[in-house]
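[1] Just the structure for this:
(chains A, B, C and D, ligands or ions: 4)
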Amino acid sequence: MSGEAVHVRAAPLDASAGQASRRDLGRRLLITLGPILISLALAGCVLLAVGVDPLAYYGFVVERGLLSPLGLQQTLTRMAPLLFIAAGLIVAFRAGMWNLGGDGQFLLGAVAAAATAPLLVQSLPGWLALLVAFLIATVVVVIWSLVPALLRAYQGVNEIITTLMMSFLGVSLANVLVKLVFLDPGTTVPQTRTLPVGDRLPRLFETTITSGLVFGLAAIVIVHLVMTRTAFGLKLRTVGANPRAAVHAGLNVPLLTVVVFAISAGLIGMGGAIDIIGIHGNVRADWNPAYGLAVIPVVFLARMNGFAAIGFVFLLSVLSIGGESAARRLGVPQHFTLVLVSIVLITLAIAEYLDHRFNQVRRT
Amino acid sequence: KSIAILTPQEGTDFGWNQQGIDAAKAAAKAAGIEVTVASGLGYGDVRPTLREIAADGASLIIAHASGYATSAPEIAEETQVPVAIVDSPKALKAGLVADYTLSGHEGAYLAGRVAAKMSRSKHVGIVVSGEPPSWNSQSAGFAQGVKAENPDVKITYAVIGPAAYSDAAGGRRVTESVIGAGADIIFGQGNGSSFGMLQAVETSKAADGGKVLFIDVIGDKTSVGKGHLLSSVVWDITPVYSAMIKDLKDGTFGTKRYAISLADNSVKLLKTDQIPDNVWGEAQKIREQMISGEIKLQPVFEATAVRALMTNVSAAAAK
Amino acid sequence: MGGFASDTFLAALLFGAVTAAIPLLLAGLGEQMSEKAGVLNIGIEGMMITGAYLGFVSAYYSGSFWLGFLTGAAGGVAVAALMALLCVRIGLNQIVIGIALTLGLEGLTALLHHFQFSRSYPRLPAAEVTPIPLLADIPVLGSALFRHHLIVYLAVAMVVVMIWVYRRTQFGINLQAAGDKPAALDVAGIDVIRTRTAAVLFTGGMAGLGGAYLANVGAGLFIPFITNGAGFLGIVLAMLARGQPVWVLVGALVFGGCLSMTTAAQVAGVNIPTDVIQMLPFLAVMAMLVLFGRRASLPAALGIPYERGAR
Amino acid sequence: MMEHPRAGLPIVTLEGVTKRFPGIVANDRVDLDICAGEVHVLLGENGAGKSTLIAMLSGLQQPDGGRILIDGAEVPIRSPSHALSLGIGTVFQHNMLVPTLTVAENLALGGRWWKRPRTAELAARVAEIARPLGIEINLGARVSELSLGEQQQVEIVRALLRDSRLLILDEATSMLTPKGIAELGALMRRLVERGLAVVFITHKLGEAADFGDRISVLKLGRNVGEIPPERLRSLERAALVDEIVAMMFGRQAGDDAVSIPPRAANDDALLEVRNLSVAATPDAPGLDAISFAIGHGEILGIAGIDGNGQKQLAEALAGQRQAVSGSVVLAGQEINGLDVGGRRRQGLRYLTDDRLGEGTVGTFPVSINYFLKEIGEPPLWRSGVERSREIEARARELTRIYDVRTPGVSTPVGRLSGGNIQKVLIARELADGARAVIFNKPTYGLDLANTLATRQRIRDIAGQGLAVLLISTDLEELLSMCHRIAVISQGSLVGTVPNGDGAGERVGRLMIGIAA
Ligand SMILES: Nc1ncnc2c1ncn2[C@@H]1O[C@H](COP(=O)(O)OP(=O)(O)OP(=O)(O)O)[C@@H](O)[C@H]1O
Ligand SMILES: Nc1ncnc2c1ncn2[C@@H]1O[C@H](COP(=O)(O)OP(=O)(O)OP(=O)(O)O)[C@@H](O)[C@H]1O
Ligand SMILES: [Mg+2]
Ligand SMILES: [Mg+2]
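    Numbering: from 1, shown residues only, chains lettered A, B, ... in the order given. Ligands and ions are numbered 1, 2, ... in the order given. Alright, predicted model coming up:
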């Protein structure tokens, strides 16, 4: 990854690096597909070790995650929430803020939506109800994000700690809300009221793909353009790259910090809401898909570039959807998907590095 | 014709998942049909798997987790493939959705009676890793059994934590505390974490220096126990699944609920050599009374109600 | 509530608190050194689970707890070596690699467990405790605090060792330089990469040990995902401690205490739902953050890979 | 010059050494002999490649071509530790101390890790080295609490602690007082007497002439000329300077004589400061009731030893630092209420002395750094949207006007040499709409040509009727252009001297605390 993308502190990529991904796509494709093949080989060895035919496994992954119409639809559906999360992380990371609280924010957004939507549809027209629920969820998460934001902005408390903690806290809180506050009286199962299938986000055309996918794509593209093309985005990147310079340039760093957290958490919360009003319809106690953890590295590999992120999120979805299926068919525990994903992440990171090195050598 | 079963965890937990999968296999075998097993799906979104299995032509999908009770019926609607779900009695839908709410509360009641008889310290403990309805009803049943047997026996109730299903260390820590509080028989429910409980039971001494005993649920851990397994409320879900398959054939699927009961031994108390014959004998008598209806028992599913039960019990004990 | 008041129960609670605290302490102390040296070691969760698995396997087959701890630590070091190679030597992004390693190792250990133990769920005997002569006989505290496995005392002793290392030794100074201004350390003739690598390996060892303790002493068995976020808590503790080992100890104990508190409350029959009680530890830590976090000064170069002569 | 140094044999020899960086050849086939018993002065304009050369000698960079010989034998210098073991000690241009460690710990840095730092004997040695230099060093202090000047002293002492055969000082005097510089010169003399070799990099030709035995000049990475000891001694100062300037810039010396610009007609105050006070912080002195007024076209100098509150004053004026009391009036308008942006829009500009730390965003391209302070303002942004083409064009223009040496406007500014970064800042601050400009050490680290150009610019803008506050530690500089010179000490103005005959002594005496 490009010099500064590697930093935990100074995330942002200067404009030139930003375009890098668009510059000669061929090379990018190579350094993306190459590593994936390598990781497939590596993971294949693990499979062999446990006595499973790798080719069969990958066959299913590709077929069930990518080729079969059903599988592809599942994959695209899975992308919707991930895209929102990626968008939220891009904002934070480009501004040099380490929002590692994604899981908590996601769940709270989900719970808020699940708590409100089923009630709203009874009084409001469907689309309006969903919109309102969506907004409520967003607001809730934005408020939630104020804690780390204010601590960081005005007390200088490192946000890696606070967001991590808030994440633990948010997950518990989400459970409490589900079990005690928004419990569905209609069932003994500890879960919220259920939004009827008919009232959820419409599906695209004749498929099972949720229209949440469209919103997700919109969100991440908008974020990308804002971060790279507008003054606001540049201000955020300045804060991220060199806070002291931002102060010197007269930017209101504390305020920007709070705004960044609000946007970032808000988007992640939207992800949770979309997942509910689009797919799940309700939230069950102890439900935590832990998407946040998986998306963080993806965003880095995309070098915080929105378009690249879309690609990686797609890859991630293919692997998880196809992996679930393949694992089931071959009697491998689902956990193998984790192994595969992690190997892919690592090899991709290494490839990025080698590519970067190669460029340097060539430039001098 | 084939059936499929979805379970949240691998079918090797000597508990909920394993019993479900084994039963599905047995029932399918009996009916001479194929069975697809999808295990370890977790508690996330199983719609993809459901759709896929439906597309692969399963004629019955058993969604073996209360967590699947929302998604499965939806997919049933979508694909018109019949599904069986748990813990949602209201969800019945002719030809499409059947509910089998399993509750071992009767067995737990028996276990409670046995525990009360055998506790030396007159103090038993209940440790659970979470509070899903099916567990609550057994915790309650157990407490009621203890109370019925001997009101002076104290009952200590402890939950390891939300989603602490895999928190073995937690299970052990909490169980040790409960033992420390004086309990010498532990009634434990929890997937991975129940091994932590077993560990605690095996490695710590009761107040009187004697050995602590463990009562398990759903599965039979004899093979991995180390002589501390007093008993287990064993479930046999095979009759349920067989009945479903039959109803499917007769076109009556989705019209009735399925359950397990002492009567047909789909719920039974595990006999181990920790149980003296006389106690076992009495237990059998009680079982008869329950089947014949002399003893009536209301299942309790809400966590709060269960807790109320506990505090009452221990309060009663305090006087 | 006779049972609640009883000494044995209190002792059991305190004992539980300590047992829960030790893995966090080890992880936190380990993480602290990485952070001091400027490496944000997010992979620590993966190192812990590896330590837990290997530690259990070797203890189970060899029957020796000590061998278990050794193997666990070694496992952690092995993972750390990979992390050091990728993040310190060739400077890959520490968060990407850290998270990737964590995910992968959680999956891998679960996989291995499935094929190895999922039908037998083997368990270890109780770890032999080493009572500290006189102290162990103090009524409640004695059996709660001074009847633990030797490793527990060693873990606590590590706090003192770390303080000494940071305050008194050249290595401690080098570490801090590596974290606050690596270039300065480099031109002073000390290899930044080596210094940081050493720190990361140490982290791995401690994390692995913590994992092994969690599995062998804490649970007595291994099951998938047994570490359950302990590594991330270690990271938080290390950051809260602002580079001061004592605070890691305090934090770990507070956290273990909270866990026991939840049990206590339940056994006392306090009728508020567990989930609420369960938030106690996290609320406690948040409170600690609001109180002390303010002064948390992280090393300037934390997370920034060092490249000699780069501008 | 002083007495005869033994012309020694080369300790280090560079043969055709070449170093490339993306887009730049920093050193181009440089040949150089560094001999024992000589102070070898290295001159060259900003970006000429001096620091890069040093980086290779101290093992930080590896040459792309050519070879380095030590005592006649080829030795690739692999790493800083290798360089140290070869007896090459360096004081780098950019501060190399760990701010969170104490001075003692910083000096101990580099000891083998298993050894315990021996504080006692360290203190003894430091004392014996610092005394002749007239330096006070508080071993217990955290470096972050020292002024830049003090930090530079610590670095020099550290370099001397390791008794090396070759001592390299890269712009090591930029932060020292005139007195400190003189003492350093004397010390270098003593060292070369002892047979050491010293490489001395500076931009002040005076120092070069006073301290140097041999002078080499780098230009665009090439070694364009050398003045050997005998010739050096034969020439007298003025002639020498002219010769060097000719080498460096291929033209005659731009005159650096005192030329105070004529004051614009009306001299009613343009920038007025009344009783400005700032609270002291752990690492910086406060300000106490600072008052002054600057008229149209007037240049007011602020003299003083570094770290006496100059930075605080500048930041308080710019709105970066909270003032506890006092008022700032610009063109009859109270601007206390305004924030940094507001004051800038009113025409108050601040050129910081901390180029890398806060002046620029190192990873951003040069172009963006030009406009860092007007992000979002038209014409370069239209309704908040960036207009890349306009920005590029304007950036190129500025790069040309201010003669910034950079591969391109999209090069990360952090890659430029110190001097060129400074030009970017000047270009930014002087941009349209300026009414009063605060310059903080505007020429520090600049080569002669750039220094002269910068000073001329400052005179010009004063000539255009702007008010200029010129903060500098270089008395010569102040005397050469200010109308009045105020002296700051412990955060308050201890006196103001109108420039003219004898001003120098009076300011000097105020600085060392004697009433003028
Ligand atoms: N969270 C942290 N993780 C790792 N190292 C840290 C952390 N916080 C601080 N440090 C390191 O420890 C050094 C000392 O920190 P700090 O100055 O806050 O403690 P201190 O020296 O005891 O100061 P005080 O006198 O205020 O306690 C810092 O320079 C930093 O390098
Ligand atoms: N690490 C680096 N990466 C890229 N370019 C560099 C690097 N170091 C130096 N350069 C370039 O090499 C050239 C020489 O830089 P150098 O710092 O040696 O100049 P200098 O003579 O020290 O100038 P100054 O007097 O301003 O310090 C400059 O153009 C600079 O941009
Ligand atoms: Mg230089
Ligand atoms: Mg410079």
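[2] hey, which helix or strand in chain D has the poorest pLDDT?
    Least confident helix or strand of chain D, by mean pLDDT, DSSP states H and E, is helix D:237-249 with a mean of 76.
[3] partner strands of the helix or strand just after it, parallel or antiparallel?
    Next along the chain after helix D:237-249, taking DSSP states H and E as the criterion, comes strand D:269-278. Sheet pairing of strand D:269-278 (DSSP bridges) gives strand D:287-295 (antiparallel), strand D:325-330 (antiparallel).
[4] re earlier: are there helices or strands packed against the least confident helix or strand of chain D, and which ones?
    strand D:39-44, helix D:205-211, strand D:214-219, strand D:222-227, helix D:448-463 (3 or more Cβ pairs under 8 Å, 6 or more residues apart in numbering or on different chains; DSSP states H and E). C-beta: built from backbone N, CA, C; applies to glycine.
[5] one more time with 6 Å
    If contacts are counted by 3 or more Cβ pairs under 6 Å, 6 or more residues apart in numbering or on different chains; DSSP states H and E, helix D:237-249 sits against helix D:205-211.
[6] about what we covered before: the strands paired with strand D:269-278: which one's closest to ligand 2?
    Closest approach to ligand 2 among the strands paired with strand D:269-278 is made by strand D:287-295 (30.0 Å; Cβ to the nearest ligand atom).
[7] Low-confidence stretches in the stretch 101-250 of chain B?
    Applying pLDDT under 70 to the stretch 101-250 of chain B picks out residues B:161-166.
[8] Show me where it has its helices.
    B:105-118, B:133-149, B:168-180, B:193-203, B:238-250 (DSSP state H, counting those that start in this stretch).
[9] Export these as a markdown table, with columns for distance to D:Arg389.
    Listed next are the helices of the stretch 101-250 of chain B as a markdown table, based on distance: least, Cβ to Cβ, whole Å:
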| stretch | distance to D:Arg389 |
| --- | --- |
| helix B:105-118 | 76 |
| helix B:133-149 | 66 |
| helix B:168-180 | 62 |
| helix B:193-203 | 63 |
| helix B:238-250 | 70 |
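[10] Can you tell me which of those is most buried?
    Comparing the helices of the stretch 101-250 of chain B by mean neighbour count (mean count of other Cβ atoms under 10 Å in any protein chain shown), helix B:168-180 ranks first with a mean of 30.
[11] Please state the offset of it from the chain centre?
    Relative to the chain's own centre, helix B:168-180 is displaced by 20 Å; criterion: Cα atoms, centre = their mean, to the nearest Å.
[12] and that helix with chain C, contact?
    Yes. Helix B:168-180 lies within reach of chain C by Cβ under 6 Å from any Cβ of the partner chain, at B:Ala168, B:Ala169, B:Arg172, B:Arg173, B:Val174, B:Glu176, B:Ser177, B:Gly180.
[13] Quick check: D:Arg506 touching D:Val497?
    Yes. Using Cβ atoms under 6 Å, D:Arg506 is in contact with D:Val497, at 4.9 Å.
[14] mind listing what's buried in the host helix or strand of C:Thr262?
    Here C:Thr262 sits within helix C:245-267, counting by DSSP H and E. Residues of helix C:245-267 classed as buried under the neighbour-count rule (16 or more other Cβ atoms under 10 Å in any protein chain shown) are C:245, C:247-267.
[15] Could you check which of D:Arg506 and D:Val497 is surrounded by more residues?
    Legend: neighbour count by other Cβ atoms under 10 Å in any protein chain shown for D:Arg506 and D:Val497, higher for D:Val497 (23 against 18).
[16] does that one count as helix, strand or coil?
    Following DSSP: H, G, I helix; E, B strand; the rest coil, we place D:Val497 in the strand state.
[17] residues in contact with it?
    Contacts for D:Val497 (Cβ atoms under 6 Å, 6 or more residues apart in numbering or on different chains) come out as D:Ile485, D:Ala503, D:Arg506, D:Val507.
[18] Which residue, neighbours along the chain excluded, lies closest to the residue of chain D found nearest ligand 3?
    For chain D, the residue closest to ligand 3 is D:Ser51, as judged by Cβ to the ion, at 3.0 Å. With sequence-adjacent residues excluded and distances taken as Cβ to Cβ, 6 or more residues apart in numbering or on different chains, D:Ser51 is closest to D:Gln93, at 5.3 Å.
[19] Number of residues surrounding that neighbour?
    Neighbours of D:Gln93 under the rule other Cβ under 10 Å: 19.
[20] what are the phi and psi values for it?
    Per-residue torsions, D:Gln93: phi -60, psi -40 (degrees, to the nearest 10).
[21] before we move on, back to that, buried stuff in the least confident helix or strand of chain D?
    In terms of neighbour count (16+ other Cβ under 10 Å), helix D:237-249 has its buried residues at D:Leu240, D:Val241, D:Glu243, D:Ile244, D:Val245, D:Met247, D:Met248, D:Phe249.
[22] Can I get that helix in PDB? Just the C-alpha atoms.
    Output of helix D:237-249 as PDB, limited to C-alpha atoms (Å, rounded to 0.1, in the frame of the first residue of the first chain):
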ATOM      1  CA  ARG D 237      36.900  37.800   3.600                       C
ATOM      2  CA  ALA D 238      35.000  40.000   1.100                       C
ATOM      3  CA  ALA D 239      36.800  38.500  -1.800                       C
ATOM      4  CA  LEU D 240      36.200  35.000  -0.500                       C
ATOM      5  CA  VAL D 241      32.500  35.500  -0.100                       C
ATOM      6  CA  ASP D 242      32.300  36.900  -3.600                       C
ATOM      7  CA  GLU D 243      34.100  33.900  -5.000                       C
ATOM      8  CA  ILE D 244      31.900  31.500  -3.100                       C
ATOM      9  CA  VAL D 245      28.700  33.300  -4.300                       C
ATOM     10  CA  ALA D 246      30.000  33.100  -7.800                       C
ATOM     11  CA  MET D 247      30.500  29.400  -7.400                       C
ATOM     12  CA  MET D 248      27.100  28.800  -5.900                       C
ATOM     13  CA  PHE D 249      25.000  31.000  -8.100                       C
END
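[23] hmm, back to that, please identify which of the helices of the stretch 101-250 of chain B is closest to D:Ala436.
    D:Ala436 lies closest, by Cβ to Cβ, to one member of the helices of the stretch 101-250 of chain B: helix B:168-180, at 66.6 Å.
[24] Mind checking what helix or strand follows the helix or strand of chain A with the lowest mean pLDDT in sequence?
    Least confident helix or strand of chain A, by mean pLDDT, DSSP H and E, is helix A:15-20 with a mean of 43. Proceeding N to C from helix A:15-20, the next assigned helix or strand is helix A:25-49, under DSSP H and E.
[25] Now the very next helix or strand once past that next one: buried residues?
    Next along the chain after helix A:25-49, taking DSSP H and E as the criterion, comes helix A:54-62. Going by neighbour count (16+ other Cβ under 10 Å), the buried part of helix A:54-62 is A:Pro54, A:Tyr57, A:Tyr58, A:Gly59, A:Phe60, A:Val61.
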